[in-house]
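> Here is my input; please provide its structure:
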Amino acid sequence: MEAKSKGLKNNEMLKSILKSDKLGLMIALIIIVCVFNFLTGGKFFTGSNIINVLIASAIVGLVTIGESFLLISGQVDLSPGSVAAFSGVLVALFLSIGMNVWIAIILVIICGMLVGVFNSMLVTKFKFEPFIGTLATMSIFRGFAFILCGGKAIFITNPTLLKIGVGRILGIPIPVVIFFILFIVFALVSSKTRFGRSVYMIGGNANAARLAGINAFNVRTKLYMLTSAFAAIGGIILAARMSTGQPSASVGLEFDAVTAAVLGGIAMGGGIGSLSGALIGLFIMQGFNNGLMMLNVQSFWQTVAKGILLIAALSFDYYRNRQREQAEKQSIA
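Just a heads-up that it's a prediction; the model follows:
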């Protein structure tokens with residue numbers, strides 16, 4: 001009897017694995033690696049290129065964490081690219097007037113969080129659609145980035161900040177270390193804490209969440225603050241890597257993050273998905289972009305490819321939703 005029950009459990013586990021979205025994502029990632037490794041003559045799957053992919057993933061990945069939480073709660077933020085550019089310029093400006101580097105970093109992150117509060121007020125208090133409200137914020141802070149520096153890049157010479165951008169810990173780039181630490185922390189927050197469960201409840205059924213005593217305004221405000229804080233950190237890291245605060249930096253950062261999250265199985269309608277899936281989606285997208293660059297595909301074709309990836313991600317999301325609806329109908333019947 002025990003052997004039979006173990007066999008049934010193993011069969012159920014195997015079926016759940018085969019039905020898992022993550023299995024399909026892992027297969028897609030492996031295919032991308034194999035195809036580009038073949039097309040580049042074995043240059044794609046090398047230690048140095050994997051590090052390049054991880055570095056590129058780190059900044060987008062930070063925003064992907066925030067966007068994932070927002071999407072799960074039924075929200076979205078289109079301002080992170082502008083917030084990142086604004087933050088990069090602001091930290092460079094603070095350092096240019098002699099401010100301590102750590103105070104400058106903390107102040108910039110606080111400014112980022114205030115942008116999140118502003119976004120939350122537009123969406124939750126003034127009832128703007130998230131797409132429209134954060135689109136306005138995107139325009140405002142991109143403009144502020146240019147105003148702060150007069151449209152010219154501000155050079156960074158502070159060795160501590162520059163080390164954050166290009167330094168390594170045990171051979172691993174510091175931006176990658178920062179990203180993975182924050183990813184692990186917030187993956188645990190999403191799956192193991194009351195706050196994480198509240199995010200899923202709000203996205204899955206806002207009325208049920210309200211009846212359960214969850215304050216949707218407070219939760220969503222924290223999520224917008226979190227996303228903007230991650231965008232600010234990403235902007236600081238990018239400025240450190242480029243040695244300049246660039247007002248034109250990080251264009252399209254938010255779309256890359258949303259694409260990675262949706263490609264990783266997070267539903268645009270909210271309530272479904274995980275950070276682990278978003279991480280795989282991030283690696284698929286960055287691996288694809290890196291492969292195109294190694295093949296010397298022209299930049300405007302890379303932009304086209306990003307758009308196609310976003311369409312693919314939204315198509316997968318639609319297909320997954322249809323499957324869930326059909327499963328629910330069958331269970332009711």
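> Leaving out chain neighbours, which residue sits closest to E129?
V123 (7.7 Å; C-beta to C-beta, 6 or more residues apart in numbering). Backbone N, C-alpha and C define where each C-beta goes, glycine included.
> So I237 sits against G165, correct?
Yes: when contacts are counted by C-beta atoms under 8 Å, I237 is listed as touching G165 (6.0 Å).
> Return every residue with contacts to both of these two.
Common contact partners of I237 and G165 (C-beta atoms under 8 Å, 6 or more residues apart in numbering): P175.
> Please name the residues that touch Y200.
I72, G271.
> Pull out the buried positions in the one helix or strand it maps to.
Under the criterion of DSSP states H and E, Y200 resides in helix 194-204. For helix 194-204, a neighbour-count test (16 or more other C-beta atoms under 10 Å) marks G196, S198, V199, Y200, M201, I202, G203, G204 as buried.
> Pick the one among these closest to I51.
The closest of the buried residues of helix 194-204 to I51 turns out to be G196 (C-beta to C-beta; 30.8 Å).
> out of everything not next to it in sequence, what's closest to that closest one?
Nearest one to G196, counting by C-beta to C-beta, 6+ apart, is S190 at 4.0 Å.
> need the contact list for the one you found.
S68, F69, I72, G196, V199, S274, L275.
> The second one is in contact with L226, isn't it?
Yes: using C-beta under 8 Å, F69 is in contact with L226, at 6.4 Å.
> Looking at these two, which is more packed in?
Remark: of F69 and L226, F69 carries more neighbours, 32 against 21, as counted by other C-beta atoms under 10 Å.
> looking at this, the more buried one is in a helix?
Yes: under DSSP: H, G, I helix; E, B strand; the rest coil, F69 falls within a helix.
> So it versus L95, what's the distance?
30 Å (C-beta to C-beta, to the nearest Å).
> Show me what secondary structure element comes after whichever strand or helix holds G81.
Per DSSP H and E, G81 falls inside helix 80-96. Heading C-terminal from helix 80-96, the first helix or strand you meet, by DSSP H and E, is helix 101-120.
> contact partners of that next one?
Contacts for helix 101-120 (C-beta under 8 Å, 6+ apart): 77, 79, 83, 86-87, 90-91, 94-95, 99, 133-134, 137, 141, 158, 160-161, 217, 220-221, 223-233, 235-236.
> Give me the buried positions along that helix.
For helix 101-120, by 16+ other C-beta under 10 Å, it's 101, 104-105, 107-109, 111-113, 115-116, 118-120.
> can I get the CA coordinates of that helix in PDB?
Presented in PDB, the C-alpha positions along helix 101-120 are these (Å, rounded to 0.1, in the frame of the first residue of the first chain):
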ATOM      1  CA  VAL A 101      28.600  59.200  -1.800                       C
ATOM      2  CA  TRP A 102      26.400  57.200   0.600                       C
ATOM      3  CA  ILE A 103      24.300  60.200   1.600                       C
ATOM      4  CA  ALA A 104      23.800  60.900  -2.200                       C
ATOM      5  CA  ILE A 105      22.800  57.300  -2.800                       C
ATOM      6  CA  ILE A 106      20.300  57.300   0.100                       C
ATOM      7  CA  LEU A 107      18.800  60.700  -1.000                       C
ATOM      8  CA  VAL A 108      18.300  59.500  -4.600                       C
ATOM      9  CA  ILE A 109      16.600  56.300  -3.400                       C
ATOM     10  CA  ILE A 110      14.300  58.400  -1.200                       C
ATOM     11  CA  CYS A 111      13.500  60.600  -4.200                       C
ATOM     12  CA  GLY A 112      12.700  57.500  -6.100                       C
ATOM     13  CA  MET A 113      10.300  56.300  -3.400                       C
ATOM     14  CA  LEU A 114       8.600  59.700  -3.400                       C
ATOM     15  CA  VAL A 115       8.000  59.200  -7.100                       C
ATOM     16  CA  GLY A 116       6.300  56.000  -6.200                       C
ATOM     17  CA  VAL A 117       4.100  57.800  -3.700                       C
ATOM     18  CA  PHE A 118       3.100  60.300  -6.500                       C
ATOM     19  CA  ASN A 119       2.200  57.400  -8.900                       C
ATOM     20  CA  SER A 120       0.200  55.700  -6.200                       C
END
